[in-house]
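S.K.: Whatever this is, show me its structure:
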Amino acid sequence: MRYSEVYERWKRDPEGFWMAAAEAIDWLRPPTKALFDDRAPFYGWFSDGLVNTCWNAVDRHVERGHGDRVAIIHDSPASGVIRRITYVDLRNRVAQLAGALRAKGVEKGDRVIIYMPMIPEALIAMLACARLGAIHSVVFGGFASRELAVRIDDCRPKAIIAASCGLEPGRVVHYKPLLDGALEQSEHQPDFCVIFQREQEVAHLEEGRDVNWHGFQYGVEPAECVPVEGDHPAYILYTSGTTGAPKGVVRPTGGHLVALNWSMKNIYNVDPGDVFWAASDVGWVVGHSYICYGPLIHGNTTIVFEGKPVGTPDAGTFWRVISDHRVRSFFTAPTAFRAIRRADPKGELIGRYDLSCLQALYLAGERADPDTIEWAQEVLRVPVYDHWWQTETGWTIAGNPAGIEALPVKVGSPTVPMPGYDVEVLDEGGEPVPQGELGAIAIRLPLPPGTLSTLWNAQDRFRASYLDRFPGYYESGDAGMKDDDGYLWIMARTDDVINVAGHRLSTGAMEEVLASHPDVAETAVIGVADELKGSVPVGFLCLASGVERPHTEIVAECVALVRERIGPVAAFRLAVVVERLPKTRSGKILRATMARIADGAEYRMPATIDDPEILDEIRAALGTIGYARSSIAAQS
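M.R.: Numbers count the residues shown, from 1 in each chain. Below is the predicted model:
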C-alpha cells in the first residue's frame with residue numbers, strides 16, 4: 001500500500017482507521033469507539049476501554065513465548081558496563097518493584113517522580129508505575145534542586161525514585177544531594193524516596209524517608225497489572241521551556257499505546273525482535289516514546305546508552321554501538337551528528353566498524369540542516385530521514401513513512417504529515433497561506449491518539465498555549481511552509497522568524513546557508529533589535545576541527561554567501577566565530593536566550609542548559625561586534 005492511500009484512508013474514516021490500529025493492543029475491555037469528542041476541544045481516545053501499559057510492553061511478550069528475547073541492552077561507556085535484560089527478566093524485576101511500591105501505599109492515580117540516569121532501572125521504575133496505574137513524571141537526571149522542587153510541588157508525588165548519582169565523561173553527578181536540596185525547598189513532601197545506589201557513589205539515606213532500592217523489595221509479593229481506563233494519564237512530562245513555569249504535558253494511556261505501536265513499523269520500519277536505538281535520555285519525550293515504551297510495546301530490543309556522541313571515548317562511539325548490537329534503525333538529534341562531524345569531518349572512524357545492519361538514520365529534536373543530512377548520507381550510506389514532532393505530540397507529526405513506503409527524501413524537509421495530523425500553514429489571521437509561503441504551522445483538531453490531552457492542573461493554560469490563537473487548530477509554535485508535493489518545511493520556531501524592515505525572514509534559512517560553508521561545522525542565527533530595521537540577523541559560527549584560517553576571512557565569506565543566496569533583503573552583515581553554542585541537555589540551541597543577551601535584556605538562566613558558562617562566552621563574542629553591553633541574568 002502507498003502512503004497516499006493510507007493517509008486518505010485515515011481522512012475518509014478516522015474512526016475506522018484508529019479502531020483498526022487499536023486491535024494490535026491487548027485490552028481487558030475493548031473500547032466501544034476511538035474518538036470521544038463530547039468535551040471538545042478536550043478530546044479523548046479509547047476512553048471507555050480498559051488496558052494496562054506494562055502488560056502490553058512486557059508481560060504479553062512473555063506470555064506469547066518471547067520471554068528469552070532481549071528487551072533492554074544497557075551500553076554504558078561511562079561506566080564500562082554492558083548488560084542484557086530479557087523480557088522475562090524485565091517482567092520479574094518490574095513486578096517486584098511494583099509490589100514493593102504497592103506495599104508502601106502507591107496506588108492507581110498516585111504520582112511518582114523518577115530522577116535517574118540512563119540505566120535500565122529508570123525504565124523498570126517507569127514500567128512499575130504503569131503496572132500499578134500510578135502516573136510517573138520523569139525529571140531529567142541532574143536537574144537543579146530548584147527545578148526539581150517546582151515539579152514536586154506541581155504534581156505532588158507520593159514517592160520519588162532516584163539514583164545516588166549519574167555519570168558523565170570525567171565526572172560524577174551527585175543526584176542524591178540535588179534531591180535532598182529539592183525536598184528542602186518544596187512545600188510538598190513525598191511519603192518516601194527509593195534510592196538506587198550505584199557503585200560509583202553510595203549516597204546517605206535519610207532515616208524514616210529514604211529506602212534502598214534492593215532492600216525495600218525484599219520479601220514483597222510481586223504485583224499484577226492494574227487495569228486503567230483508556231483516558232487515564234500514563235505520565236506527566238514537564239516541557240523544558242526557557243521562561244516561566246514548566247508545563248506538565250499529560251499523556252493518556254490508550255492513545256499512547258496505539259500510536260506508538262503503529263509508529264514502530266510504519267515510520268521506523270522495524271519488526272518485533274529487531275534492535276532499535278534512540279540515542280536520547282529518559283528525561284525527554286524521545287526517551288519516553290522511543291527508548292522505553294514504543295520499542296517494548298512493539299516487541300523490539302531497545303538500547304539504553306549512557307555516554308556522549310563524542311568523548312566516550314571518541315567520535316566513533318555511535319558506530320561501535322550500532323555494530324556491536326546490530327542496530328537496525330537509529331534515532332538521534334542533529335546536534336549529535338554535528339558534534340561527530342566536527343570531531344571527525346571525513347568520517348574516518350566509521351571504517352573501523354561493520355554497519356551493514358543499519359537500514360536508516362532518523363533525526364529529530366531540532367531542525368536538521370541540509371549540510372548535516374548530506375554528510376550523514378555520505379558517510380553512513382543509508383537513508384537519512386529528518387522527522388518533526390514535539391513533546392506535546394509524543395510521536396511524529398511529519399516524517400517519512402518508510403514502513404509503508406519510503407518516499408523521496410527532500411533534504412531539509414521532514415517529508416509529509418502522518419495519519420491523524422491535518423497540517424495547515426496559516427497567516428496571522430488564521431487563514432491558509434499559498435504553497436511556498438512562510439507561515440505558522442497549525443494542526444486541525446482533534447489531534448490524533450498519543451498526543452497530549454491537557455496540561456497537569458492547568459487546563460486554562462493549555463487553552464492559552466495551544467488553542468486560542470487559531471480556533472479549531474493546535475498551534476505548534478513552529479513556522480514553515482508546504483511545497484507543491486505536500487512536503488512540509490520547518491524553518492524555525494515562530495519566535496525565530498524575524499521582521500527585517502517589514503520582511504518576514506526565517507533564521508533557519510540563513511543557518512542553512514551558513515552551514516554550507518566548508519569551514520563551518522555548526523551555526524545559529526538570531527534576530528537582534530535594530531532602531532532602523534526593527535530586527536537584524538546575527539550569526540554564530542562554530543568551525544570544523546583543524547580550520548586555521550583567519551576568522552575575519554571566514555566571516556566575510558559567510559556574509560557574502562547569505563547575500564548571494566537569500567539576497568540583500570536579509571540584511572545579514574554580522575557574524576562571530578565561537579567555540580560552542582549554548583544548548584539544552586537535549587541538544588536544542590538556546591536562540592531566545594542568546595537574543596536577549598544580545599539586546600542587553602534581562603534573561604532567566606534556562607533550567608535545562610547544558611553548561612551555563614557558555615553564556616558568558618556568547619556575551620563576550622557579542623561584545624566584539626557592539627552587542628550585549630548590559631544584559632543580566634535573573635535568578636534561575
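S.K.: A234 belongs to a strand?
M.R.: Yes: remark: A234 belongs to a strand, assigned using DSSP: H, G, I helix; E, B strand; the rest coil.
S.K.: Can you give me every residue that contacts the nearest residue to it once chain neighbours are set aside?
M.R.: Spatially, and ignoring its direct neighbours in sequence, A234 is nearest to T253 (4.5 Å; CB to CB, 6 or more residues apart in numbering). For the C-beta atoms, the positions are set from N, CA and C on the backbone; glycine is no exception. By CB atoms under 8 Å, 6 or more residues apart in numbering, the contact list for T253 reads 51, 53, 228-234.
S.K.: now with 10 Å?
M.R.: Going by CB atoms under 10 Å, 6 or more residues apart in numbering, T253 touches 45-47, 49-53, 56, 130, 133, 135, 228-235.
S.K.: And for N266?
M.R.: The contact partners of N266, taken as CB under 10 Å, 6+ apart, are 3, 6, 21, 396, 399, 401-405, 418-419.
S.K.: how does it look with 8 Å?
M.R.: So N266 contacts 6, 401, 403-404 (CB under 8 Å, 6+ apart).
S.K.: Save these as CSV, and put in pLDDT too.
M.R.: Shown next, in CSV, are those (pLDDT from 0 to 100):
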residue, pLDDT
V6, 98
P401, 98
G403, 98
I404, 98
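S.K.: and which of those is nearest Y218?
M.R.: Y218 lies nearest to G403 out of the contacts of N266, by CB to CB, at 44.1 Å.
S.K.: So what does that closest one have for phi and psi?
M.R.: Main-chain torsions, G403, degrees, to the nearest 10: phi -80, psi -20.
S.K.: What about the nearest residue to it once chain neighbours are set aside, how many residues nearby?
M.R.: Excluding its sequence neighbours, the residue lying closest to G403 (CB to CB, 6+ apart) is N269, at 3.9 Å. Neighbour count for N269, taken as other CB atoms under 10 Å: 21.
S.K.: ok, and N269, which helix or strand is that part of?
M.R.: Remark: N269 resides in no helix or strand, with elements defined by DSSP states H and E.
S.K.: List the buried residues of stretch 459-478.
M.R.: 461-462, 465-467, 469-470, 473-478 (16 or more other CB atoms under 10 Å).
S.K.: buried ones in the longest helix anywhere in the chain?
M.R.: Longest helix in the chain by number of residues (criterion: DSSP state H): helix 87-103. Applying a neighbour-count criterion of 16+ other CB under 10 Å, one finds 87-102 buried in helix 87-103.
S.K.: for it, packing partners?
M.R.: Identification of packing neighbours for helix 87-103 by 3 or more CB pairs under 8 Å, 6 or more residues apart in numbering; DSSP states H and E yields strand 70-76, helix 120-132.
S.K.: Mean neighbour count, distance to D485 and mean pLDDT added to those, as JSON lines?
M.R.: Below are the helices and strands packed on helix 87-103 laid out as JSON lines (neighbours: other CB atoms under 10 Å; distance: least, CB to CB, whole Å; pLDDT from 0 to 100):
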{"stretch": "strand 70-76", "mean neighbour count": "21", "distance to D485": "39", "mean pLDDT": "98"}
{"stretch": "helix 120-132", "mean neighbour count": "27", "distance to D485": "39", "mean pLDDT": "98"}
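S.K.: about what we covered before: pLDDT (mean, whole number) over the longest helix of the chain?
M.R.: The average pLDDT for helix 87-103 rounds to 98.
S.K.: what does stretch 205-224 give?
M.R.: On average, the pLDDT along stretch 205-224 is 97.
S.K.: before we move on, back to that, need the contact list for the residue nearest to G403.
M.R.: 329, 359-360, 402-403.
S.K.: Verify the stated contact: I113 with I160.
M.R.: Yes: when contacts are counted by CB atoms under 8 Å, I113 is listed as touching I160 (4.6 Å).
S.K.: Kindly point out which residues are neighbours of both of the two.
M.R.: Counting by CB under 8 Å, 6+ apart, the residues touching both I113 and I160 are 152, 190.
S.K.: Low-confidence regions, the stretch 1-150 of the chain specifically.
M.R.: Counting by pLDDT under 70, the stretch 1-150 of the chain contains no low-confidence range.
S.K.: can you confirm S289 is in a strand?
M.R.: No: assigned with three-state DSSP, S289 falls outside any strand and is helix.
S.K.: neighbours around it, how many?
M.R.: For S289, the neighbour count with other CB under 10 Å is 27.
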